[in-house]
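# Sharing a model that was predicted from the sequence below.
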Amino acid sequence: MSNRLEKLREILASENVDAVLISDEKNIFYFTEFFGGFRLLAPVDGECILFVHSVNYEAAREQAKNVKVEPIRIGEKADAKIFEEVNRSGIKSLGLDRIGAAEYLRIKEGLKDVRIESLDNAIWSLRKVKDENEIAFMRKAAELTSKGMEKAIEIARAGRREYEVAAEIEFEMHKLGSNGIAFDTIICSGPDSAFPHGGWGEREIRSGDLVVIDIGAKYRGYCSDLTRTLIIGTPSEKQIHIYRTVAEAQKAAISRMKSGEKASEIDAAARRHIVERGYGEYFVHSLGHGVGLDIHEPPSLGPLSEDILSSCNVVTVEPGIYIPGFGGVRVEDTILIREEDAVKLTDAPILQL
Ligand SMILES: [Mn+2]
């Protein structure tokens, strides 16, 4: 953990910034192993201070690593307290991560003599390269998610409703030790499977349906992401053609992935395949995204991405074809990038049609 703070300090030194004030709860967790901090003030040298509201003070004192914990008591103004600390330590330049506009304006107003900079991308440059511990947690999250999919394949049959399937998958993952879900479960059947982010509803699954099942367990704060599409009953020619196209596109992308590859080229490899099969206009999203403490984070695998894949990135590869009124197919895995190749962390069968 302190290794992460050391790297943060190297960034501060190279960017010539005296300190960074971190607001994003996942960023705070990344550096302190504690969820529930309010702000983390990390100077280029000297002690890091974690400001916490008194409701989380005792928990923070017990759990937060590498920081001095400073309570914000009832009736105390958080901003004023933090600004006072910034002034007291002689900080003349301050980096920020992700904050809202109102808060940014308050900081500008409250720290008039301090130069403010964004260090959001610099912090992502750390977070997108997973360390050994993170990879172990993500493997576990992926394993729990794969178990959830096993359950889904067992129970998603004609006559079951989307919400029942969603509930049973989540219960299964939870029973096995998941700390929660990484995002709202997607169970979209029949024509609704053409909506990539469709959630789930009351629809009863019927024979002839495509059913898109997109799920993710969380473990120790780390997310996972897995999609399979089921075909209920006997598949039609068109369903088979679409399904094969998507599965082949995913395979084409994964086979090219390794450290040093352009993320946009990986998207292009999958997209080219789908375009060649005549479904280009129905692949309406990027090929994939980074996964970690957030479900969507850098690097991005899309046509406009400027990211270069590097060893220990964890990303999804999730081509899809969505035909309004007909239905959709998506196949997705969470993938670990290595020096010479890429491996799936999630595991679930792909239909052999
Ligand atoms: Mn995804």
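Arrived safely, thanks for sending.
# The helix or strand residue 152 falls within packs against which elements?
Assigned by DSSP states H and E, residue 152 belongs to helix 132-155. Applying 3 or more C-beta pairs under 8 Å, 6 or more residues apart in numbering; DSSP states H and E, we find helix 132-155 packed against helix 162-175, strand 210-215, strand 218-219, strand 222-223, strand 226-231, strand 333-337. C-beta: built from backbone N, CA, C; applies to glycine.
# Which secondary structure state does residue 292 sit in?
coil (DSSP: H, G, I helix; E, B strand; the rest coil).
# Next, format the helices and strands packed on helix 132-155 as a markdown table and append distance to residue 119, mean neighbour count and mean pLDDT.
Shown next, in a markdown table, are the helices and strands packed on helix 132-155 (distance: least, C-beta to C-beta, whole Å; neighbours: other C-beta atoms under 10 Å; pLDDT from 0 to 100):
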| stretch | distance to residue 119 | mean neighbour count | mean pLDDT |
| --- | --- | --- | --- |
| helix 162-175 | 35 | 19 | 98 |
| strand 210-215 | 33 | 28 | 98 |
| strand 218-219 | 26 | 23 | 98 |
| strand 222-223 | 23 | 26 | 98 |
| strand 226-231 | 32 | 23 | 98 |
| strand 333-337 | 24 | 25 | 98 |
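# can you tell which of the ones you listed is closest to residue 70?
Checking those against residue 70 by C-beta to C-beta gives strand 222-223 as the closest, at 27.6 Å.
# who touches the helix holding residue 152?
130, 164-165, 168-170, 172-173, 176-178, 182, 187, 213, 215-226, 228, 230, 291-292, 312, 314, 334, 336, 345-349 (C-beta atoms under 8 Å, 6 or more residues apart in numbering).
# Tell me the buried residues in that helix?
By 16 or more other C-beta atoms under 10 Å, the buried positions in helix 132-155 come out as 134, 137-149, 151-152.
# Run a quick neighbour tally on residue 182.
Residues near residue 182, counting by other C-beta atoms under 10 Å, number 27.
# contacting residues around it?
141, 145, 216-218, 223-225, 291, 295.
# Of those, which is the nearest to the ion?
residue 225 (4.1 Å; C-beta to the ion).
# OK, contacts around the closest one?
Contacts here follow C-beta under 8 Å, 6+ apart; on that basis residue 225 touches 145, 182-183, 214, 216, 291, 295, 316, 318, 332, 334, 346.
# Now flag whichever of these is closest to residue 26.
residue 295 (10.5 Å).
# Am I right that the closest one is in contact with residue 221?
No. With contacts counted by C-beta atoms under 8 Å, residue 295 stays clear of residue 221, the gap being 11.4 Å.
# from the contacts of residue 225, which are also near the ion?
The residues of these that also fall near the ion, by C-beta under 5 Å from the ion, are residue 316.
# Just send the contacts of residue 225 back as JSON lines, with distance to residue 78 too.
Shown next, in JSON lines, are the contacts of residue 225 (distance: C-beta to C-beta, whole Å):
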{"residue": "145", "distance to residue 78": "37"}
{"residue": "182", "distance to residue 78": "29"}
{"residue": "183", "distance to residue 78": "30"}
{"residue": "214", "distance to residue 78": "38"}
{"residue": "216", "distance to residue 78": "33"}
{"residue": "291", "distance to residue 78": "31"}
{"residue": "295", "distance to residue 78": "28"}
{"residue": "316", "distance to residue 78": "36"}
{"residue": "318", "distance to residue 78": "40"}
{"residue": "332", "distance to residue 78": "40"}
{"residue": "334", "distance to residue 78": "37"}
{"residue": "346", "distance to residue 78": "40"}
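# Noted, bye for now.
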